[in-house]
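Peer 1: Here is a sequence together with a model predicted from it:
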Amino acid sequence: MSPLVETVLFVFGLVALGYLSGVTGYMRTETGDALSEFAIGVALPLLLFRTMIGADFHGTTPWALWATYFAAVIVAWTVGHLVTTRLFGRDGQAGVVGGVSSAFSNLVLLGIPFMLGVFGQEGFEILSLIISVHLPTMMMASIILFQLFGPRRSEPVHPIEIIRDFLRKILTNPLIIGILAGLAWRATGLPLPALANRFVDALANIAGPIALFAMGLGLRKFGISGNIKPALALSVLKLFLMPAVALLFAWLLGLPPLPAKVAVAAASLPSGVNSYLIAIQFGTGQALASNQMTIATACAVVTTAFWLMVATMVFG
């Protein structure tokens with residue numbers, strides 16, 4: 001078995017182990033929520049903090065990397081919205097859910113441990129560049145689209161309120177705090193004290209396995225019920241169209257091999273829980289988002305390995 005295939009199976013195997021723990025009743029789904037809260041609120045921010053302090057990003061050009069990834073996001077989101085509304089006849093709110101499902105990769109709970117396993121610390125540092133702008137960009141897009149397609153209010157929301165809500169969500173997000181804190185400490189040029197370094201290492205080193213297990217356990221509560229055809233169509237867009245566009249733009253923009261492979265791999269990851277949360281906000285499309293997330297995650301063990309092999313053949 002090749003190291004690449006073994007790593008992919010290991011990463012998704014931890015997700016499957018968490019899912020089996022839930023589906024057999026060995027662990028409650030509430031445990032998955034608690035583990036996810038710990039991973040996102042403590043372990044992963046500390047991992048990002050440590051990375052920001054010591055990363056050199058290996059000469060990566062952020063603008064080309066960002067252009068590659070977000071070109072894939074825009075194409076997948078647009079096509080997902082159109083497929084949901086035009087092909088399956090759903091309304092604009094469900095179209096937003098479909099667009100998010102097609103374009104919002106699970107870069108945190110799945111992406112961080114996946115990149116560490118496949119590409120090591122260098123790949124994770126490049127992914128951190130994407131995460132640093134991915135969260136604010138996707139949050140802002142979701143807020144704007146909610147204002148455009150969400151339930152109509154008696155009085156329009158002032159743009160200042162939208163900006164204030166966006167800044168509040170960004171500045172209180174643990175992952176963003178971890179990134180900003182790491183950059184701030186890096187700017188001082190001081191090494192972390194030995195005791196602080198031990199605390200950070202102890203929690204950061206367990207972030208990956210806990211995040212993967214928690215993700216699998218969390219999938220248990222979503223399941224599949226109805227809306228199978230649109231969920232399958234959106235899964236195809238997420239797992240094939242988005243990484244294909246990322247591959248094309250990485251080649252057109254001349255990204256170096258490692259950043260190009262990270263961008264394609266990130267685009268090939270399945271959707272996370274964000275599409276489901278947006279569906280809850282809209283009050284529509286919950287089953288669609290739940291089904292798509294479950295189907296895409298199950299299929300990604302094969303499709304992500306496929307795109308990694310394709311990216312390796314193209315970029316070396």
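Peer 2: Thanks, I have it. Given the structure is predicted, the values throughout are model-derived calculations rather than measurements.
Peer 1: buried stuff in the lengthiest helix in the chain?
Peer 2: Longest helix in the chain by number of residues (criterion: DSSP state H): helix 111-149. Across helix 111-149, burial judged by 16 or more other Cβ atoms under 10 Å covers 111-119, 122-132, 134-136, 138-143, 145-146, 149. Glycine gets a C-beta too; all of them are placed from N, C-alpha and C.
Peer 1: got the contact list for stretch 138-148?
Peer 2: Residues outside stretch 138-148 that contact it (Cβ atoms under 8 Å, 6 or more residues apart in numbering) are 73, 92, 96, 99-100, 104, 157, 162, 165-166, 169-170, 274, 278, 281-282.
Peer 1: and whatever helix or strand Val302 lives in, average pLDDT?
Peer 2: Assigned by DSSP states H and E, Val302 belongs to helix 286-315. For helix 286-315, the mean per-residue pLDDT is 91.
Peer 1: in the chain, which ranges drop under the pLDDT threshold?
Peer 2: 1, 56-61, 150-158, 223-227 (pLDDT under 70).
Peer 1: Start from the N-terminal end of the stretch 101-250 of the chain and give the helices.
Peer 2: Assigned by DSSP state H, counting those that start in this stretch, the helices in the stretch 101-250 of the chain fall at 111-149, 159-171, 174-188, 194-204, 207-219, 228-236, 242-252.
Peer 1: Out of these, flag the one nearest Thr78.
Peer 2: Nearest of the helices of the stretch 101-250 of the chain to Thr78, taken as Cβ to Cβ: helix 242-252 at 10.7 Å.
Peer 1: Distance from the chain centre to that closest one, please.
Peer 2: Centre-to-centre, helix 242-252 and its host chain are 18 Å apart (Cα atoms, centre = their mean, to the nearest Å).
Peer 1: Report the inter-axis angle for that helix versus helix 286-315.
Peer 2: Going by axes from the mean of the first three to the mean of the last three Cα atoms, to 10 degrees, helix 242-252 is angled at 30 degrees with respect to helix 286-315.
Peer 1: Flag every buried residue along helix 242-252.
Peer 2: Those would be 242-250, for helix 242-252 by 16+ other Cβ under 10 Å.
Peer 1: again, but for stretch 265-278
Peer 2: Neighbour-count burial for stretch 265-278 flags 265-276, 278 (criterion: 16+ other Cβ under 10 Å).
Peer 1: now, the most widely separated pair of those residues?
Peer 2: Across the buried residues of stretch 265-278 (Cβ to Cβ), the longest gap, 24.1 Å, separates Ala265 and Ile278.
Peer 1: if we can go back for a sec, can you list the helices of the stretch 101-250 of the chain in CSV and add distance to Ala43?
Peer 2: Shown next, in CSV, are these (distance: least, Cβ to Cβ, whole Å):
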stretch, distance to Ala43
helix 111-149, 10
helix 159-171, 20
helix 174-188, 10
helix 194-204, 5
helix 207-219, 4
helix 228-236, 29
helix 242-252, 27
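Peer 1: Quick one: closest of those to Thr294.
Peer 2: Within the helices of the stretch 101-250 of the chain, the stretch nearest Thr294 is helix 207-219; the backing value is 5.9 Å (Cβ to Cβ).
Peer 1: Distance from the closest one to the middle of the chain?
Peer 2: On Cα atoms, centre = their mean, the centre of helix 207-219 falls 13 Å from that of its chain.
Peer 1: and the angle for that helix with helix 111-149?
Peer 2: Here helix 207-219 runs at 50 degrees with respect to helix 111-149, directions being taken by the same axes, to 10 degrees.
Peer 1: For Phe166, see how far away Asn173 is.
Peer 2: Using Cβ to Cβ, to the nearest Å, one gets 11 Å for the distance from Asn173 to Phe166.
Peer 1: Lys229 now?
Peer 2: Distance of Lys229 to Phe166, computed by Cβ to Cβ: 35 Å.
Peer 1: repeat for Phe119
Peer 2: Distance of Phe119 to Phe166, computed by Cβ to Cβ: 31 Å.
Peer 1: again with Arg198
Peer 2: 36 Å.
Peer 1: what about those two, which has more around it?
Peer 2: Using other Cβ atoms under 10 Å, the more surrounded residue of Arg198 and Phe166 is Phe166, with 16 against 11.
Peer 1: That'll do, ta.
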